[in-house]
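What follows is a protein structure lacking sequence information:
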């Protein structure tokens, strides 16, 4: 399943309007704002259709799922938007992540839980705003992919330490820059190690660089650490390092739509997250070039030469690499 | 004192709404604590034990209260049980701290709840010796136990 879907769910007392554009969207926020009411309205519409008094407008069917038969229910509803409420324990399980991987569905998950198994985008985490007429508001917002809600006057952020989630090509690129600047670059060895690494350097100005397309499970705690240490933590979350390269002009992309409208191409059956999609897009774009060839594990010399490094660095407007 | 267990715990009650539906008592809805949290969290007013006036939903039954309010009421009346507090938004945090000042009870968290800028005492049950006093200490403990179980 791919594409952007506008959804409207309505009864006499509540109206919800939102759009889904990736396979996983999270809805969280304060209690008493109407999250479970949304789930209940969809559930009632599933059971009674129009007779429920709930109207749903969307190009795809919405299905509210709960209970022990969740896996069977998901597998029997391909091509639909699956909605799951916070009382469903299974969304934390590896089994659920296994079912999501490769499924022809979009998921709207109503939960605050730490979901390490799911690659959730930081841009697809919402809370409800409004009283009767409710809409989804992004919880985390950015300027130049610097999170969370940075004051533009505080940018570009000048770090003393760079922490990358990546230990492959992305880390190698930023380590190269760090060495030139005489600062340190540390790999956290994966997204779940970022908070620990960040917390152990709370005396210094640290910038975290991670794949925003899959950092949703981590961003809450990292932003909390940022709030506790004002002006000391920068958070740069591009979709992925490959997305940065593709946007920088360092390689020539034949079809720019694939970069600007990934929702039209990144099918949930093929890609668990857009991070995987952009990696494949870059690899495919440069596959015929002897010099630009890209792998995730090792950065080829092309990307570390001065001209190319400078193009990529200049695209990253939120960090002061001088 | 408030006690927190991060991650899965045997015998903890995850689906607090179902437990509430089957175990709540009428008198709990009209006591001072329930009236205050229903007003603060759900912006609603208790009319009587079976009726609550919601600005959006109209007159509702206690079963239509928010998941956060139901969990708070359960925490107050079953201090011997461990309830999933990840069903509670951050707007429930001050009420959980207030309950912790009045009685010993435990909650189960699957995320790091924001308890605000003040000082507090929370025992972290994953390491029974650890008591945290502010958000930095709580965040450090929660982030560690949720990710690594240690």
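Nice, I can see it. Everything numeric in this text was worked out from a predicted model, so none of it was measured. Numbering: from 1, shown residues only, chains lettered A, B, ... in the order given.

all contacts plus neighbour counts: C-alpha atoms, from now on.
Noted.

Now for chain B: which helix has the highest residue count?
helix B:135-148 (DSSP state H).

Which elements pack onto it?
When contacts are defined as 3 or more Cα pairs under 8 Å, 6 or more residues apart in numbering or on different chains; DSSP states H and E, helix B:135-148 packs onto helix A:194-199, helix A:216-228, strand B:2-6.

can I get those in CSV with distance to residue B:82, mean pLDDT and mean neighbour count?
What follows is the helices and strands packed on helix B:135-148, written out as CSV (distance: least, Cα to Cα, whole Å; pLDDT from 0 to 100; neighbours: other Cα atoms under 10 Å in any protein chain shown):
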stretch, distance to residue B:82, mean pLDDT, mean neighbour count
helix A:194-199, 27, 96, 21
helix A:216-228, 24, 97, 20
strand B:2-6, 9, 97, 22
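
Give me the secondary structure label for residue A:170.
Assigned with DSSP: H, G, I helix; E, B strand; the rest coil, residue A:170 falls in the helix class.

Which among the helices and strands packed on helix B:135-148 is found nearest to residue A:25?
helix A:216-228 (9.8 Å; Cα to Cα).

And that closest one, what does it pack against?
Packed next to helix A:216-228, using 3+ Cα pairs under 8 Å, 6+ apart, are helix A:194-199, strand A:233-236, helix B:135-148.

ok, which stretches of the stretch 201-322 of chain A are strands?
A:206-209, A:233-236 (DSSP state E, counting those that start in this stretch).

of these, which approaches chain B most closely?
Among the strands of the stretch 201-322 of chain A, strand A:233-236 comes nearest to chain B, with 14.4 Å by Cα to the nearest Cα.

Pull out the buried positions in that closest one.
A:233-236 (16 or more other Cα atoms under 10 Å in any protein chain shown).

show me what contacts the residue of chain A found nearest chain B?
Going by Cα to the nearest Cα, chain B is nearest to residue A:30 of chain A, at 4.1 Å. Contacts for residue A:30 (Cα atoms under 8 Å, 6 or more residues apart in numbering or on different chains) come out as A:127, B:88-91.

would you turn the buried residues of strand A:233-236 into JSON lines with distance to residue B:137 and pLDDT?
Converted to JSON lines, the buried residues of strand A:233-236 look like this (distance: Cα to Cα, whole Å; pLDDT from 0 to 100):
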{"residue": "A:233", "distance to residue B:137": "18", "pLDDT": "96"}
{"residue": "A:234", "distance to residue B:137": "21", "pLDDT": "97"}
{"residue": "A:235", "distance to residue B:137": "21", "pLDDT": "98"}
{"residue": "A:236", "distance to residue B:137": "25", "pLDDT": "98"}
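
now for the helices and strands packed on helix A:216-228, which one comes closest to residue B:68?
helix B:135-148 (19.9 Å).

ok, now which ones touch the residue nearest to residue A:53 when sequence neighbours are not counted?
Setting aside the residues directly before and after it, residue A:53 is nearest to residue A:11 in space (Cα to Cα, 6 or more residues apart in numbering or on different chains), at 6.3 Å. Shown in contact with residue A:11 (Cα under 8 Å, 6+ apart): A:53-55.

Check residue A:11 and give its pLDDT.
Residue A:11 carries a pLDDT value of 95.

Nearest the middle, which residue of chain B would you pick?
Residue closest to the average C-alpha location in chain B (Cα atoms, centre = their mean): residue B:72, at 4.1 Å.

helices or strands up against whatever helix or strand that residue lives in?
Using DSSP states H and E, residue B:72 maps to helix B:67-77. Other elements packing on helix B:67-77 under the criterion 3+ Cα pairs under 8 Å, 6+ apart are helix B:16-23, helix B:32-42, strand B:82-84, helix B:93-102.

what's the angle between it and helix B:93-102?
For helix B:67-77 against helix B:93-102, the angle by axes from the mean of the first three to the mean of the last three Cα atoms, to 10 degrees is 0 degrees.

Report the buried residues of helix B:67-77.
Buried residues in helix B:67-77 (16+ other Cα under 10 Å): B:67-76.

And the contacts of it?
A:31-32, A:36, B:16-17, B:20, B:24, B:28, B:33-34, B:37-38, B:41-42, B:81-85, B:87-89, B:92, B:95-96, B:99, B:105, B:107.

and those residues, which are buried?
Neighbour-count burial (16+ other Cα under 10 Å) applied to the contacts of helix B:67-77 gives A:31-32, A:36, B:16-17, B:20, B:24, B:28, B:33-34, B:37-38, B:41-42, B:82-85, B:87-89, B:92, B:95-96, B:99, B:105, B:107.

quick revisit: between the helices and strands packed on helix B:67-77, which one is closest to residue A:207.
helix B:93-102 (29.6 Å).

buried stuff in the closest one?
Result for helix B:93-102 [16+ other Cα under 10 Å]: buried residues B:93, B:95-97, B:99-100.

Now flag whichever of those residues is closest to chain A.
Nearest to chain A among the buried residues of helix B:93-102: residue B:93, at 10.2 Å, using Cα to the nearest Cα.

Next one: that closest one, what pLDDT does it get?
98.

do the same with residue A:18
pLDDT, read off for residue A:18, is 98.

same thing with residue B:149?
67.

just residue A:259 next, same as before
96.

quick revisit: indicate which one of the strands of the stretch 201-322 of chain A is closest to residue A:184.
strand A:206-209 (9.8 Å).

By proximity to chain A, which residue of chain B wins?
Taking Cα to the nearest Cα, chain B has residue B:89 as its residue nearest chain A, at 4.1 Å.

The helix or strand bottoming out on mean pLDDT in chain B packs against which elements?
Sorted by mean pLDDT, DSSP states H and E, the helices and strands of chain B end with strand B:58-60, the least confident at a mean of 91. Applying 3+ Cα pairs under 8 Å, 6+ apart, we find strand B:58-60 packed against strand B:51-54.

Spatially nearest residue to the spatially most central residue of chain A (excluding sequence neighbours)?
Centroid check for chain A by Cα atoms, centre = their mean gives residue A:121 as the closest residue, at 1.3 Å. Counting by Cα to Cα, 6+ apart, residue A:121 lies nearest to residue A:213, which is 4.1 Å off, once chain neighbours are set aside.
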